[in-house]
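**Q** One predicted model, sequence on top.
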Amino acid sequence: MTIADLAEIAGRSYPARRRTQNLVGGASPIQAAAFSMGHVTLEPNGGQVPWHNQEQEEIYFVIEGTGEMCLGSERREMRAGQAVYIPPRAFHQLTNTGPAPMRMIYCYGPAGDVAHWRQELDGTLPRAGVEAPPLPAGAHPQCTEKPRS
């Protein structure tokens with residue numbers, strides 16, 4: 001039996017002020033072909049999963065906090081206990097709008113890496129309204145900061 005323990009997974013921090021811990025896939029001891037799953041903590045007041053898309057379909061499930069979800073041309077507030085479905089290739093972004101950390105679980109399939117993780121670390125995310133479709137009106141800006149060396 002293989003068990004992934006969130007308390008033992010260091011995870012990785014990203015420039016957009018979030019930490020991602022792989023529970024299934026990536027560096028996790030659990031690997032699956034059909035899906036990947038992980039835990040994300042967005043820092044208060046602006047921590048973000050920046051505007052991006054991928055080939056896989058995905059679910060975000062908010063377990064703590066409040067935030068703004070942008071999906072295609074839509075923008076909605078999200079809170080603990082809510083899940084959102086993200087179709088393949090749809091641009092999306094999640095921003096913590098609250099004063100406390102926001103925690104969520106993602107699950108996407110099929111398994112495999114998604115380009116936005118590396119793009120964010122390299123400072124090469126497609127910019128909303130330039131190389132990617134624009135964010136919905138009134139949305140929090142996309143974090144495109146390149147990491148400091």
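**A** That came in fine, so what should we check first?
**Q** Nearest the middle, which residue of the protein would you pick?
**A** Note on the chain: the residue nearest the mean C-alpha position is Val49, at 4.0 Å, using C-alpha atoms, centre = their mean.
**Q** Bridge partners for that one, pull those for me.
**A** Counting by DSSP bridges, Val49 is bridged to Leu94.
**Q** quick one: the strands in the chain?
**A** For the chain, applying DSSP state E gives strands covering 12-14, 18-24, 36-42, 48-52, 57-64, 66-71, 74-79, 83-86, 92-96, 102-109.
**Q** looking at those, which is buried most?
**A** Highest mean neighbour count among the strands of the chain (mean count of other C-beta atoms under 10 Å): strand 92-96, with a mean of 26. For every residue, glycine as well, the C-beta is placed using N, CA and C.
**Q** ok, and what's touching that strand?
**A** Contact partners of strand 92-96, identified using C-beta atoms under 8 Å, 6 or more residues apart in numbering, comprise 42-53, 58, 60, 65-72, 78, 86, 102, 104, 135, 139-140, 142.
**Q** what sits against the residue lying closest to Ala115 once chain neighbours are set aside?
**A** Spatially, and ignoring its direct neighbours in sequence, Ala115 is nearest to Gln54 (6.6 Å; C-beta to C-beta, 6 or more residues apart in numbering). By C-beta under 8 Å, 6+ apart, the residues touching Gln54 are Pro88, Arg89, Tyr108, Val114, Ala115, His116.
**Q** Could you tell me which of those residues belong to helices?
**A** Residues of the contacts of Gln54 located in helices (DSSP state H): Ala115, His116.
**Q** Asp5: what's it in contact with?
**A** Counting by C-beta under 8 Å, 6+ apart, Asp5 touches no other residue.
**Q** so how far is His39 from it?
**A** Note on Asp5: its distance to His39, by C-beta to C-beta, to the nearest Å, is 11 Å.
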